[in-house]
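**Student:** just need the structure, nothing else, for what follows:
(chains A, B, C, D and E)
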Amino acid sequence: MPRFFRKIKKKVGNPPGTLIYTGEKRDEKIKVKMIEYNDSDYNEKEIEENLIDKCLTFKDTKEISWLNIEGIHKLEIIEKIGNYVKIHPLVLEDIVNVNQRPKIENFDDYIYLILKILDYDENKNEVILEQISIIFSSNYVITFREKSSELFNPIINRIRTKKGQIRKMGTDYLVYSLIDIVIDYYFLILENIGEKIEDMEAELVTNPTESTLQNIHQMKRGLLTLRRSIWPLREVINRLLRRELPFIHEESNLYFRDLYDHTIQIIDTIETLRDILSGMLDIYLSSVSNKMNEVMKVLTVIATIFIPLTFLTGIFGINFIALPNIYWEGIIITLVAMLIVTIFMVIYFKRKNWL
Amino acid sequence: MPRFFRKIKKKVGNPPGTLIYTGEKRDEKIKVKMIEYNDSDYNEKEIEENLIDKCLTFKDTKEISWLNIEGIHKLEIIEKIGNYVKIHPLVLEDIVNVNQRPKIENFDDYIYLILKILDYDENKNEVILEQISIIFSSNYVITFREKSSELFNPIINRIRTKKGQIRKMGTDYLVYSLIDIVIDYYFLILENIGEKIEDMEAELVTNPTESTLQNIHQMKRGLLTLRRSIWPLREVINRLLRRELPFIHEESNLYFRDLYDHTIQIIDTIETLRDILSGMLDIYLSSVSNKMNEVMKVLTVIATIFIPLTFLTGIFGINFIALPNIYWEGIIITLVAMLIVTIFMVIYFKRKNWL
Amino acid sequence: MPRFFRKIKKKVGNPPGTLIYTGEKRDEKIKVKMIEYNDSDYNEKEIEENLIDKCLTFKDTKEISWLNIEGIHKLEIIEKIGNYVKIHPLVLEDIVNVNQRPKIENFDDYIYLILKILDYDENKNEVILEQISIIFSSNYVITFREKSSELFNPIINRIRTKKGQIRKMGTDYLVYSLIDIVIDYYFLILENIGEKIEDMEAELVTNPTESTLQNIHQMKRGLLTLRRSIWPLREVINRLLRRELPFIHEESNLYFRDLYDHTIQIIDTIETLRDILSGMLDIYLSSVSNKMNEVMKVLTVIATIFIPLTFLTGIFGINFIALPNIYWEGIIITLVAMLIVTIFMVIYFKRKNWL
Amino acid sequence: MPRFFRKIKKKVGNPPGTLIYTGEKRDEKIKVKMIEYNDSDYNEKEIEENLIDKCLTFKDTKEISWLNIEGIHKLEIIEKIGNYVKIHPLVLEDIVNVNQRPKIENFDDYIYLILKILDYDENKNEVILEQISIIFSSNYVITFREKSSELFNPIINRIRTKKGQIRKMGTDYLVYSLIDIVIDYYFLILENIGEKIEDMEAELVTNPTESTLQNIHQMKRGLLTLRRSIWPLREVINRLLRRELPFIHEESNLYFRDLYDHTIQIIDTIETLRDILSGMLDIYLSSVSNKMNEVMKVLTVIATIFIPLTFLTGIFGINFIALPNIYWEGIIITLVAMLIVTIFMVIYFKRKNWL
Amino acid sequence: MPRFFRKIKKKVGNPPGTLIYTGEKRDEKIKVKMIEYNDSDYNEKEIEENLIDKCLTFKDTKEISWLNIEGIHKLEIIEKIGNYVKIHPLVLEDIVNVNQRPKIENFDDYIYLILKILDYDENKNEVILEQISIIFSSNYVITFREKSSELFNPIINRIRTKKGQIRKMGTDYLVYSLIDIVIDYYFLILENIGEKIEDMEAELVTNPTESTLQNIHQMKRGLLTLRRSIWPLREVINRLLRRELPFIHEESNLYFRDLYDHTIQIIDTIETLRDILSGMLDIYLSSVSNKMNEVMKVLTVIATIFIPLTFLTGIFGINFIALPNIYWEGIIITLVAMLIVTIFMVIYFKRKNWL
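**Tutor:** Numbering: from 1, shown residues only, chains lettered A, B, ... in the order given. Presented below is the predicted three-dimensional model:
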């Protein structure tokens, strides 16, 4: 299960602006990619982490520069970039502290955005969180991710191949595209969870086990994680939409409105799925009771039929053994009594619907 | 049960405005009907899907044109219409993506509306969703439905036969009539569900079974689906009502207010039904416990009467077999002891109300 | 139990303004009463339903006219009145459709109000709903009720006998008096329900049965019905209070504020009663569990005492029958063993508080 | 338990402003006390209820007059005071109707306040409600209580002994002091309830009984009563605080802000206690289940050990009695079999943690 | 467990501004520390509680003075400071009444803040509350704590060693640092609780016991305490952030915004943990039911196998003892019957998944 907090203890008492990486321990090299483009030109390069200073010239170019940092566990690199762009120390602190909620902050020179990338590990049946920070201005976008993945490849491809409008638009459209792909993954995860829930509903009816309950609980936690990521994201997109931020062109408004609709749709689906999970819990609990009922009925039927019969054999032992001359009549009377008791019991249980 | 999402995976990473049909797989021809009318004239024609270009002249006519498209699974047709009316690519994307929430968007040339048509399949006991998109301006209305049905026939009849005021009014009144009939169906479904719930309440008292619980769960899901469709619809109608949109005449305000009252009434009823369903769940759960109680009582009564009796026959075996001279006295004592025990037990159980 | 909807199916697809009576089927004559009064004069007449045209002159008189219609199942009469007063077709539709929520609508010539009159059928233990529509202007008040009852007699008496200020005040005061008496009935019903709940609380402690649960459920439904009627009524009175409607004099403000306080008080009590009912449900459910516990204890005590004893008689049968010379010692040992087992068990159960 | 309503039936249909006392039936004399004071002078007198007219001159004096009426069951006295001060008939109606919610109303000549005094009867374990109405202007304060008690003695003492600032301040400070003492009692009751809850928590762990559940339910009802009194009081104090009422001096603002903090604190504590009570309910319910589990385990252990043993003695009876020559071997085999079965069972139950 | 209230009874009826210490009884000396600093100078001294008058000159110095009082149980010291700074009597009352909610109040000369310091006692598994009051102006900060601890040492160190910006900034930055360290402790506690919850989740799956439930309840109470402290704190920080208070410089805004983000994050985590705890409760309750199910199955399997077998031995006793010539056939028939019954039962239970 995902941890709620990752390392936080060493922070207490430090002055604000102290960089402390709170993510998973990592050692691999940080992957840095610089993509520069405008309507006509396109340039893409991978940069060694120790050569990062060389690319720190993008603030003054006219084309759009997208600096994508995959790995934030080496604080000196983050600081170098922070110094060049003049990122506020508190923002740098937030970038490397992966316990942030999604938020947006407007500074004089740039806008700062935090999102959560979600992924779903089918094997462990758990939702994996990754934090992404985006800093953008009118001519550059910097993205800080916790780790490396192929998430943004479709966007890089669209820039590379001039597919869609991305090469003609500004940094706001690039930011929109990044958020859009993050949200598309939310839909994927919801779809996964939705399918699992439907499977579990079928299982509940046919064969509920204790692991079903574990799964319901797990699903609930997954939805909680999603919810914690998407509720504040709605606020973030709402601010991008309200036309009060710099660097956002009016023609992008429609795109952010589209994103806003998507977040509402996700929230809506999460709430519905939560309602359905609650209903499933009720079914599970009552199915446990029903099972116990069934067990009890079997016991009751067997015991109430045979305990009186056993008593009758005992009675026979008392009465007739001492009277050898009416021995056979005794046996017959006893057997008939047993038969009557049994028939009576069977009819009784039939009428109670226990058989 | 209705799926939460329909195909979405292939979307991730596509540029915005890429048309992807996400509804059920269909192959049938798309039914296109064009109805043109004003106070004096009326003209109605069915159009072959490959001849659709021929009717794309309605933007410039003076009478009201209603283009009703039943089937959105052939993207080229949607695109043709989109190109003619200059529908924004993101809107086209929404039209063919059937996972939208009801919403309204105001563009320069037209207003775009999404609604959910609900239908109730009595056999499968489930609510079926269909998405309908409406695009309208001052002189045309375009409706995109997922499939063909007789839903709008009463409106077509009223236009045809000049019944009511529909021929004298503008496109806003036609849009009102379309929404009105969609909402009337919501009432029908609620009435259906309400009746089923009342049947289930009677069943709960007389003979609750495990399928009762399944039905309660199913009803809850049906109400959830209704709720997801009607809550955002309230917002949509509220915007139509606030007199801030173009193409809406003032005399239509009263009609949209009437629609608004209906949505409030539906929401109100849904919440009440949900409350009643919760109450039914409690009754069901306690009836399961009560049943178990009854089973246990039978077992307890039988066992506590006969186990001591059996013991007494055993005691008899020990004591009196060895004393043939007081054999008959022994039998009588034993039988009297049994009688006393039995009477005592029966009185005890009577007083506990177990018999 | 009250139905959620009454006939609605035939409505689908009709043009707006089509009158459809959706209440209970009725055949009796409609009772029409016209009361005209001012400070000095008073005139009251019963009117035959087919002579209703004769009294349709009240719009132009100076005194206050109150036309009270008891019965809305004859649509032609409603239409006649509607035509004379120029009531909007959608309002007429609402008057005869008894599924409306309480609401208020302001038209140029009149104000339109819908309320719910509640009554409580003690025998069936259910709340009965009746819809009342009020249309009023500066010099007339029309009330449409579903059926005839003595509800408004106290007001008629006060007009007749000049008791209180009613003869000196305008139509707004008459409307206030009507709403006031309707709300007084809500208090009566709440009082009834409150008393029943207190009885049930006592019953819960002494002797909870399955019918207790049914009653709790029934009470909940009654409160839901009350709640659905009173919540929107609060909004209605709030609008009457905000001094933005015509025909409402400033000196009436205090009276409507008083009504508003009453509705708040009713809402408040409803919520409290609902909380108490939930608590009672918990007590009921746990009392069911406690009862089962008691049953199980009896079974366990009897079985764990006698099963070992029966085993001991069996053991005796094996060992001592074959040894006639130590037969009596055997019996004594066996009986002592039985005594020890029994004493041990009784002590054990005493300590567990099961006896 | 406190009743929700006290007599209300006779009210229906009366004109507004009809005085009906709805409190408990009382016959005792009404205690009337008049306290007149300013910074230098102080005068206090008890007045016979039939001589009340004599003191009705306070409207025109310069010093502050506090008229404290303890008992509102004699309507003619209330009416006399009402006539002198020109209290609106609807306010007089509210004063003697003890079912009001706390509220504040601003009239031209005076401000009208309703509060609830709460008291806690430890014996019956219930919260007792009393209504107090306060009418004040710039130079007089009238308090109407349901019954006589020592509640306000500390304030009278402070006025008498010039302790604190009360003699130097206006009527608003006296009103503040009255409300303050009422709210202090709320804290006392909360403290009582809080202590009871803590006792019950300890009891839950050591020895939960059915009466524990009754107590939880009782506590819940007490908190509901408190809540109904304090929530609207918050609004009342908020209005006193917003500086929009007459007769409230600016320097009192801080005192009313302090009261507001207290109400918030009480609300906060009530909600916390309610949460804790819910948690206790869960513990109680699961402890009932756990107890049943324990009972079942005892039964199961005893039955599953002895039933097979009894069977073995039966088997012995069949096989070996007929074979006298291997009789002893039979006994030994049987006893060994019994031993093995018993050991096996004991190990099994040990491993399941049932022993 | 933490008490809800600490001593309050003696307060009732006292005039406002009466100092009553409501915390735990303490006798130790009060620790007073005065720290004076500006960018260049730094001065720190411990002051004996009876020499406190000597340091009461800080209002008129230019450097920043931080007076840290650890212990509020000696009222005369609080009063001395209050007199010097001219703290309002109601504020002094609040400082020594440790039952306050976090709040902020703006006076002419100073701002008054109340916070709650939380600590977690791992042994008793409970959250410990301490109240801290902060009074600050442009050149002094006074902190009143209930007891002495090392909480603020990191800040004192940073002032002493000029680490970070604290020496260059104003009193607002010092106040920010104090709140920041208090909130950092909230994170620590949440982390502790989060870890415990994760341990308990594992325990729930493997071996749920009654103490698990106690722990869940305890955790819930801890979260309730946290929640009561953090919700109002959010409001406090929000006011510090809104730039409407004096003594707060604009460059501090970003720091308070950071604090605000932290409180939101804590609230968010608390709500998530509460949701998870509720889910755990459901799992616990159903695991109790499942255990009972298992117990019942064992009983049922054993009883339903052996009771019929015992009956068969009884039947044998009746029939074949009297017929010595077919004795062996009788034994064989009986044993075969037993075998068949047993096989049948085992198959039956296998199919029901009870074995």
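**Student:** now do the SS call for A:R101.
**Tutor:** Here A:R101 is recorded as coil under DSSP: H, G, I helix; E, B strand; the rest coil.
**Student:** hmm, it is touching E:Q265, no?
**Tutor:** Yes - using Cβ atoms under 8 Å, A:R101 is in contact with E:Q265, at 5.5 Å. Where you see a C-beta, it was placed from the backbone N, CA and C, and this is true even at glycine.
**Student:** partners of the helix or strand where A:L115 lies in the sheet?
**Tutor:** Take DSSP states H and E as the rule and A:L115 turns out to sit in strand A:111-121. Strand A:111-121 has its sheet partners listed here by DSSP bridges as strand A:103-106 (antiparallel), strand A:126-136 (antiparallel).
**Student:** buried stuff in the last one?
**Tutor:** Just to be clear, that refers to strand A:126-136. Judged by neighbour count (16 or more other Cβ atoms under 10 Å in any protein chain shown), strand A:126-136 contains these buried residues: A:E126, A:V127, A:L129, A:E130, A:Q131, A:I132, A:S133, A:I134, A:I135, A:F136.
**Student:** now the last one: how far from A:V96?
**Tutor:** Just to be clear, that refers to A:F136. As for A:F136, its distance to A:V96 is 19 Å (criterion: Cβ to Cβ, to the nearest Å).
**Student:** nearest spatial neighbour of A:I87, skipping sequence neighbours?
**Tutor:** A:I135 (6.6 Å; Cβ to Cβ, 6 or more residues apart in numbering or on different chains).
**Student:** give me the pLDDT for that neighbour.
**Tutor:** In this model, A:I135 is scored at 97, pLDDT.
**Student:** A:V141 is in contact with that one, correct?
**Tutor:** Yes - contact criterion Cβ under 8 Å: A:I135 and A:V141 qualify, at 7.4 Å.
**Student:** stretch A:183-195 - what's its average pLDDT?
**Tutor:** For stretch A:183-195, the mean confidence score works out to 89.
**Student:** ugh, wrong one, stretch A:205-217
**Tutor:** 83.
**Student:** what sits up against that stretch?
**Tutor:** Identification of contacts with stretch A:205-217 by Cβ atoms under 8 Å, 6 or more residues apart in numbering or on different chains yields A:125, A:196, A:200, A:203-204, A:277, A:280-281, A:283-284, A:287-288, B:214, E:205, E:279-280, E:282-283, E:286-287, E:290.
**Student:** and stretch A:34-49, is it in reach of chain B?
**Tutor:** No - using Cβ under 8 Å from any Cβ of the partner chain, we find that stretch A:34-49 stays clear of chain B, coming within 14.9 Å at best.
**Student:** convert that stretch to CSV, retaining C-alpha atoms only.
**Tutor:** Taking Å, rounded to 0.1, in the frame of the first residue of the first chain, the C-alpha atoms of stretch A:34-49 are listed here in CSV:
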residue,chain,number,x,y,z
MET,A,34,16.0,19.9,-23.6
ILE,A,35,13.5,20.5,-26.4
GLU,A,36,13.5,23.8,-28.3
TYR,A,37,10.9,24.5,-30.9
ASN,A,38,8.9,27.1,-32.8
ASP,A,39,6.6,26.8,-35.8
SER,A,40,9.5,26.2,-38.2
ASP,A,41,12.4,24.7,-36.1
TYR,A,42,12.8,21.8,-33.8
ASN,A,43,15.8,20.8,-31.7
GLU,A,44,16.0,18.0,-29.1
LYS,A,45,19.0,17.0,-26.9
GLU,A,46,19.7,14.7,-24.0
ILE,A,47,22.0,16.4,-21.4
GLU,A,48,24.4,14.7,-19.0
GLU,A,49,23.5,15.7,-15.4
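**Student:** show me how far it is from its chain's centre.
**Tutor:** Here the centre of stretch A:34-49 is set off from its chain's centre by 34 Å, with Cα atoms, centre = their mean, to the nearest Å.
**Student:** hang on, isn't A:H249 packed against A:D172?
**Tutor:** Yes - A:H249 is in contact with A:D172 according to Cβ under 8 Å; the separation is 5.7 Å.
**Student:** quick one, phi/psi of A:E36?
**Tutor:** Note on A:E36: backbone dihedrals following degrees, to the nearest 10 are phi -120, psi 130.
**Student:** near it, how many other residues are there?
**Tutor:** 21 (other Cβ atoms under 10 Å in any protein chain shown).
**Student:** which helices and strands does the helix or strand encompassing A:I331 pack with?
**Tutor:** A:I331 belongs to helix A:327-351 when assigned by DSSP H and E. Using 3 or more Cβ pairs under 8 Å, 6 or more residues apart in numbering or on different chains; DSSP states H and E as the contact criterion, the elements in contact with helix A:327-351 are helix A:253-319, helix E:253-319.
**Student:** let's see 6 Å
**Tutor:** Applying 3 or more Cβ pairs under 6 Å, 6 or more residues apart in numbering or on different chains; DSSP states H and E, we find helix A:327-351 packed against helix A:253-319.
**Student:** the helix it packs on and chain C, are they touching?
**Tutor:** No - if you take Cβ under 6 Å from any Cβ of the partner chain as the test, helix A:253-319 misses chain C, and the best it gets is 9.6 Å.
**Student:** can you tell me the closest non-neighbouring residue to the residue nearest the centre of chain A?
**Tutor:** Nearest to the mean C-alpha position of chain A, by Cα atoms, centre = their mean, lies A:G222 at 3.3 Å. In space, and not counting its chain neighbours, A:G222 is closest to A:V127: 4.5 Å by Cβ to Cβ, 6+ apart.
**Student:** how about the nearest residue to A:R101 once chain neighbours are set aside, phi and psi?
**Tutor:** Excluding the flanking residues, the one nearest A:R101 by Cβ to Cβ, 6+ apart is A:P232, at 4.8 Å. Main-chain dihedrals, A:P232, degrees, to the nearest 10: phi -70, psi -30.
**Student:** how about stretch A:289-306 and chain E, touching?
**Tutor:** Yes - Stretch A:289-306 reaches chain E (Cβ under 6 Å from any Cβ) through A:M292, A:V295, A:V298, A:L299, A:I302, A:F306.
**Student:** hmm, that stretch in reach of chain B?
**Tutor:** Yes - using Cβ under 6 Å from any Cβ, we find that stretch A:289-306 touches chain B at A:S289, A:N290, A:N293, A:M296, A:K297, A:T300, A:T304.
**Student:** which ones are touching the residue nearest to A:I87?
**Tutor:** By Cβ atoms under 6 Å, 6 or more residues apart in numbering or on different chains, A:I135 lies in contact with A:Y110, A:Y112, A:I142.
**Student:** walk me through the domains of chain A.
**Tutor:** A:9-286, A:288-351 (automatic domain parsing).
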